[in-house]
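J.: Okay, sequence plus prediction incoming.
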Amino acid sequence: MKKLVVANHKANLSMSDIGDYIFNINTNLSDKHNIVICPSYIHIPFFTSEKFELGAQDVSIYDNGSYTGEVTSEQLKSSNVKYVIVGHSERRELFDEKENIIKLKLKQCFKNDLIPILCVGETKDDKLSNRTSQVLRRTLLETLNGFSKEDLSKLVIAYEPIWSIGTGITPTIKEIEEIISFIKDIIRSAYKVDVKVLYGGSVKEENIDKLKEVGNLDGLLIGGASNNAITFSKIVDLF
Ligand code: PGA
């Protein structure tokens, strides 16, 4: 069955890289899985291809209006964007995004029919002190409470252990499997919906064989390794 593979370019690539990137995607990317590419906002209009759908890395909490520097859900929708990454750990840490802000962003996505990819994950400290399930449960329930079942059924979750992002270290197959079923169970029992859960954190060609073994995985969220279109296409093929 096709899975969902999401590329998160973060603040990478320049305008002069985009032509080659799209060319390499068009020549190398197979249709083995469903693909979403989340480029920088400014690159979004240039990412046109039948090989993937478009995602954004963030969204404003506001509607269109006098909010200098913001990009709204309505603007994303009108730019052919289908998915939005919400609550990435880099936004939580570097921009101090808390649950209340993340909730407003989810609200914006649902309002304009964009699919949010909500990122959740524990820190190294949480993991070392056996708090992973407690942290995930609290984050999920605080963020998702109050949304309708209909909205939540559109949600995608990305489990991204913070200690794994950009570090080259990944959890074991068993750890990922357990946490994914834990997340699915929480959401099923609290809201009666089934959600897709992706894994993100140092996904590379070298560990894709291992990630393939995770039985309940619905897809991947790939940062660093998605900045090269040929590498990204290879990972998609191997997954
Ligand atoms: P990484 O990033 O693949 O570079 O670890 C993943 C992410 O931050 O979404």
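T.: Received it, and whenever you're ready, just let me know what you need. It should be emphasised that the depicted structure is a prediction, and the values quoted were computed from it without experimental measurement. Residues are numbered from 1 along each chain as shown.
J.: helix or strand right after whichever strand or helix holds Arg138?
T.: Element membership of Arg138, judged by DSSP states H and E, is helix 132-144. Following helix 132-144 in sequence order, the next helix or strand is helix 149-152 (DSSP H and E).
J.: Quick one: name whatever helix or strand follows that next one.
T.: Under the assignment DSSP H and E, the closest C-terminal helix or strand after helix 149-152 is strand 156-159.
J.: other SSEs contacting the helix holding Arg138?
T.: In terms of contacts (3 or more Cβ pairs under 8 Å, 6 or more residues apart in numbering; DSSP states H and E), helix 132-144 is packed against helix 99-111, strand 115-120, helix 173-191. C-beta coordinates here come from the backbone N, C-alpha and C atoms, glycine included.
J.: can you give me the mean pLDDT across stretch 161-171?
T.: The predicted model assigns stretch 161-171 a mean pLDDT of 95.
J.: roughly how far is the helix holding Arg138 from the heart of the chain?
T.: Counting by Cα atoms, centre = their mean, to the nearest Å, helix 132-144 is centred 17 Å from the centre of its parent chain.
J.: contact partners of it?
T.: Contact partners of helix 132-144, identified using Cβ atoms under 8 Å, 6 or more residues apart in numbering, comprise 87, 99, 102-103, 106, 118, 120-123, 126, 152, 155, 157, 159, 179, 182-183, 186-187, 190-191.
J.: if we can go back for a sec, can you tell which of the helices and strands packed on helix 132-144 is closest to the ligand?
T.: For the ligand, the closest of the helices and strands packed on helix 132-144 is strand 115-120, at 7.0 Å, according to Cβ to the nearest ligand atom.
J.: Which elements pack onto the closest one?
T.: Judged by 3+ Cβ pairs under 8 Å, 6+ apart, the packing partners of strand 115-120 are strand 81-86, helix 99-111, helix 132-144, strand 156-159.
J.: Redo those as CSV? Include mean neighbour count.
T.: Putting those into CSV (neighbours: other Cβ atoms under 10 Å) gives the following:
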stretch, mean neighbour count
strand 81-86, 23
helix 99-111, 19
helix 132-144, 17
strand 156-159, 24
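J.: Take those and lay them out in a markdown table including distance to Ile169.
T.: Converted to a markdown table, those look like this (distance: least, Cβ to Cβ, whole Å):
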| stretch | distance to Ile169 |
| --- | --- |
| strand 81-86 | 22 |
| helix 99-111 | 26 |
| helix 132-144 | 15 |
| strand 156-159 | 15 |
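J.: Please produce JSON lines containing these, extended by distance to the ligand.
T.: Listed next are these as JSON lines, based on distance: least, Cβ to the nearest ligand atom, whole Å:
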{"stretch": "strand 81-86", "distance to the ligand": "8"}
{"stretch": "helix 99-111", "distance to the ligand": "15"}
{"stretch": "helix 132-144", "distance to the ligand": "16"}
{"stretch": "strand 156-159", "distance to the ligand": "7"}
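J.: Right, I'll leave it there.
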